[in-house]
Structures are given as structure tokens and as C-alpha cells.
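Student: My questions are about this predicted structure, shown below with the sequence.
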Amino acid sequence: MGKKRVCVIMVNYNNSQLSIDCYNSLVSQKELVELTVVVSDNNSKVEEKKLLENFQNEHLDFEVVYNPENLGYFSGMVRGQEYAYNKGEYDYMIVANNDLIYDPNFIKNLISLEVLDDVMVISPDIERMDGVHQNPHFVNRPSKLRNFLYYIYFSNWYVSCCIAKIQSFFNAQRRQKDKPGYKEEQYIYMGFGACFILTELFMKKIKFLDCSSFLMGEEQLLTIQVAEANGKIYYQPSLKVHHLDSATFRTFPSRFAYENMRKAFNIYQGKLGKCYFIDNQFVIKGGKSCGI
């Protein structure tokens, strides 16, 4: 029996050193698998591309797709998927941020998993640099109250600023907490978007990520994709990654971030018009249940 085939895809935009550091965290583990690393560069600055090119020349298994324009996170990731699929098939495809450092035992633990038959996506234990665990993002679907608050938050930029100020005040009074259930492997409703591991079942039945959003909302769109294909998302705490926490996004102005989150929210809600909830089950219009 040959080695497992693992592909790691990340999107790069003006932060090439992060992509290089992310790759370097996998170097000591690559002997365990047939590893393919693909960086999809979204038309970074000349000096950032040069950094990638120089590193690529020294590391033949560090492959870069140079996009002619900024395609956005989702389309950039899909461009990386297209490139990877043209190279072959994989047991696992990791689609993730480039601001991650993989634990030294990540690959070893990944190839040792016995993946359940209905699992399309595996969510790892994502730990921020301050020690806060960001997964599982949601074990169960958000409550009606939370969804109502989302509608209010995304109704207007100035309303969102007021809510953010109130939230920041309360957050200052308490330490941010780990996500409930982060020590327990389990089926979950939604994983955190910094890192997803796509299984063979996902690659067979869905293949590509939904790229209808330019930026933000990857968790929601993937959740719908998996549900419509009658699959499940599984949280696996033995797979650990360390997250620098949106190092790319900090370079954007806050209004830019809000507008992209708002667009992603509207896209997500629009898709829920085709696939909606009844008793914790996704149901496609016409009455067909699709799990969760």
C-alpha cells in the first residue's frame, strides 16, 4: 500500500512570508505522505511575487499559481484546486489560510484517522496565538435570536459600529473563551473557516468550493454545500494548527471587512432560500431532507 496523497492549498495576497512559513511547518512531515503544496497568488505586489519565485526555485514541491488579478479568497482557492486536480487525485485536500503553522504531528495524525463514511469535511483544532481554541465554530446551528442579531448587524454600517463598540466593552471585561466542545471529536454544524480538510467523498461528490463570495463567509457556504450533498462535517481535535488569526485581513480597512461580510451574509441567506432548516435538518425546496 502506497503513501497517502495529501494536497495543501492556500491563497496568498501580499503576505508571501506567511505562505513560506506555513509550508515550512509541513517540511518535517512530508516524508510520511505524497505531499503537494499549492499557493494561489492573487496578483500580489512585485516584491511579494519575487519572494515566492525565489523560494519556489529552491523548493520544487512548493508550487505557485500566479493569478492575473485578485480573484478573491474563494475563487483564488478554486483556482488552486483546479491546478491540483490537474496533477492527480488525493486522499485529503486541505484548503486553508496561509497564516497557519501546522503542529509537528498534524500529518501523522491525519493519515492515521478512520474517517466515517458520511464525512465530507474534517475541521481541526485551530488554536490562536493567545491560546484560544476557535473550533468547533458551531456544534449546533445558530439560534433564531442569533440569526436575528445578524440581520440587525448587517442592516447598516453605523448600526454595526454601535454593536461592535458594545461587544468590545464586554469583551474587555472578560477573557475570550475557548469554543465549547473543543476537546471532543464529534459531528458539528459548522467549522471555522481558517482550515478545512476535504475528504475523498467531498472530492468525488462536490469537488470544488463554492466561490460565489469574494471574501468572508466560507464556513456558511461550505456548510450548505455539504448538507445539499447529504454529507457531514466532523471535528477532530487530534489535528492541531496554530492560527495567526487573519493576518491578511488586518491590512484591510474595517469598512472593507464589514462590506464583504455583509455581501457574504446576503449570499448565504439567498442560498438558504433553496436549502432551509426544519427541526435541525437542512431541507431542499420540494421537501427532500439533506441531513446535518
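Tutor: The structure has been received and is ready for your questions. Numbers count the residues shown, from 1 in each chain.
Student: just so I have it, where are all the helices in the stretch 1-150 of the chain?
Tutor: 16-27, 46-58, 73-87, 106-111, 144-153 (DSSP state H, counting those that start in this stretch).
Student: Could you say which one of those comes nearest to residue 202?
Tutor: Across the helices of the stretch 1-150 of the chain, residue 202 has its closest neighbour in helix 73-87 (11.0 Å, CB to CB). The way it works is simple: take the backbone N, C-alpha and C, and place the C-beta from them, glycine included.
Student: can you put the helices of the stretch 1-150 of the chain in CSV and add distance to residue 229 and mean pLDDT?
Tutor: Listed next are these as CSV, based on distance: least, CB to CB, whole Å; pLDDT from 0 to 100:
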stretch, distance to residue 229, mean pLDDT
helix 16-27, 28, 96
helix 46-58, 34, 96
helix 73-87, 16, 94
helix 106-111, 22, 97
helix 144-153, 23, 76
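Student: which one of those lies closest to residue 137?
Tutor: Nearest of the helices of the stretch 1-150 of the chain (CB to CB): helix 144-153, 12.5 Å.
Student: which sections of the stretch 101-250 of the chain are below the confidence cut-off?
Tutor: 167-176, 213-217, 246-250 (pLDDT under 70).
Student: Please enumerate the strands of it.
Tutor: According to DSSP state E, counting those that start in this stretch, the stretch 101-250 of the chain carries its strands in the segments 119-128, 186-188, 195-199, 232-243.
Student: Using CSV, write down the CA coordinates of stretch 139-159.
Tutor: The C-alpha trace of stretch 139-159 is given here as CSV (Å, rounded to 0.1, in the frame of the first residue of the first chain):
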residue,chain,number,x,y,z
VAL,A,139,-21.7,22.4,17.2
ASN,A,140,-25.4,23.1,16.5
ARG,A,141,-27.0,25.6,14.2
PRO,A,142,-27.3,29.2,15.4
SER,A,143,-30.4,30.1,17.3
LYS,A,144,-33.2,32.2,15.9
LEU,A,145,-32.1,35.0,18.3
ARG,A,146,-28.5,34.9,17.0
ASN,A,147,-29.8,35.0,13.4
PHE,A,148,-32.0,38.0,14.2
LEU,A,149,-29.0,39.8,15.6
TYR,A,150,-27.1,39.0,12.4
TYR,A,151,-29.8,40.7,10.5
ILE,A,152,-29.6,43.8,12.7
TYR,A,153,-25.8,43.9,12.5
PHE,A,154,-25.8,43.7,8.7
SER,A,155,-28.6,46.1,8.2
ASN,A,156,-26.4,49.2,8.3
TRP,A,157,-22.7,50.1,8.7
TYR,A,158,-23.4,52.6,11.6
VAL,A,159,-25.6,50.1,13.4
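Student: Other residues contacting that stretch?
Tutor: 160, 163, 180-181, 186, 188-190, 235, 255, 258-259, 261-262, 265-266, 277, 280, 292 (CB atoms under 8 Å, 6 or more residues apart in numbering).
Student: Pull out the buried residues from these.
Tutor: For the contacts of stretch 139-159, a burial check counting by 16 or more other CB atoms under 10 Å picks out 160, 181, 188-190, 235, 258-259, 261-262, 265, 292.
Student: In those, find the pair that's most separated.
Tutor: Pairwise distances across the buried ones among the contacts of stretch 139-159 (CB to CB) peak at 32.1 Å, for the pair 181 and 259.
Student: which residues does residue 101 contact?
Tutor: So residue 101 contacts 21-22, 25, 241-242, 244 (CB under 8 Å, 6+ apart).
Student: so which pair among these is furthest apart in space?
Tutor: Among these, 21 and 241 lie farthest apart (CB to CB), at 12.6 Å.
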